[in-house]
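1. next one to model:
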Amino acid sequence: MLLAKERGTFPEGLSGYPIDKVGYHGFLTWDLQFDGVRIPADDLIVGPGDGDGDGGSKAGFAEAQAFLNTARVHTAARAVGLARAAVEDTTTYLQEREQFGHPIGDFQALRFALADMAAQVEESRAFYRQVAHLLDVGVPCEREAAMVKLQATEMAVRVTNQAMQLHGGNGYTTERQVERHWRDARLTTIFEGTSEIQKRIISDRMLPRSPSPDPAPGVDQLG
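-> Residues are numbered from 1 along each chain as shown. Down below sits the predicted model:
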């Protein structure tokens, strides 16, 4: 169902307060309390009476699943953007920061770390664009959407963590944007289904589940 609201107000029966978060400060997250909220019939995904059999509930689930597939690709794109920003900021920092009379970007170990970060970002970028195309043309891609969400968000955590490491002590201050990228990337592995949920979706579509064994004779099935 959909609950429409005016900007800056709550409809009757709905209240809430904002939650202070570690990251993602670009928008507010709310704790909501529903008490007697009324939903117009036109805003129901499953109409009155449709849920009496399996048809209505399946239709509602299909709507939700289609939304989640799209949302997971969106999250993958966000993760790529965060990681890409971390790479760009690190590239700049490695040229600005000097040690022993040279920019630290001259040191091979740091150059190779940056190269690994950039390669991971481009890999995930190509993957989410591929899955977005599948969505655009209407190809069922629940498994692929879960895969790209898993791969891109975990990549963002690795890359932003490495970016902080390459910034040294400066990366742990709020004077550099890399700490924001690191905080924001962590959330992408959690919302729209955690990484563990994505792994379950992927594996369930690759491997059939074994039938549950029959209980041993004399064993109480409710015990």
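2. and the average pLDDT for the host helix or strand of G16 is what?
-> Using DSSP states H and E, G16 sits in strand 14-19. Mean pLDDT, strand 14-19: 90.
3. and the helix or strand bottoming out on mean pLDDT in the chain, how far from the chain's centre?
-> One helix or strand of the chain scores below all others by mean pLDDT, DSSP states H and E: helix 54-96, with a mean of 86. In terms of CA atoms, centre = their mean, to the nearest Å, the centre of helix 54-96 is found 5 Å from the chain centre.
4. surely I104 meets E98?
-> Yes: contact criterion CB atoms under 8 Å: I104 and E98 qualify, at 6.9 Å. For glycine as for every other residue, the C-beta is placed from the backbone atoms N, C-alpha and C.
5. how near is the residue positioned nearest the centre of the chain to T174?
-> By CA atoms, centre = their mean, the chain has its centre lying nearest to T188, at 3.5 Å. Note on T188: its distance to T174, by CB to CB, to the nearest Å, is 21 Å.
6. so who does the residue nearest to L114 when sequence neighbours are not counted touch?
-> Leaving aside its chain neighbours, L114 sits nearest to T90 (6.1 Å; criterion: CB to CB, 6 or more residues apart in numbering). By CB atoms under 8 Å, 6 or more residues apart in numbering, T90 lies in contact with L114, M117, A163, L166, H167, V178.
7. most neighbours among these, please name it.
-> Within these, most neighbours by other CB atoms under 10 Å means A163, with 30 neighbours.
8. next, it: phi, psi?
-> For A163, the backbone dihedrals (degrees, to the nearest 10) come out as phi -60, psi -40.
9. L82 is in contact with that one, correct?
-> No: taking contacts as CB under 8 Å, A163 lies outside contact range of L82: 9.9 Å.
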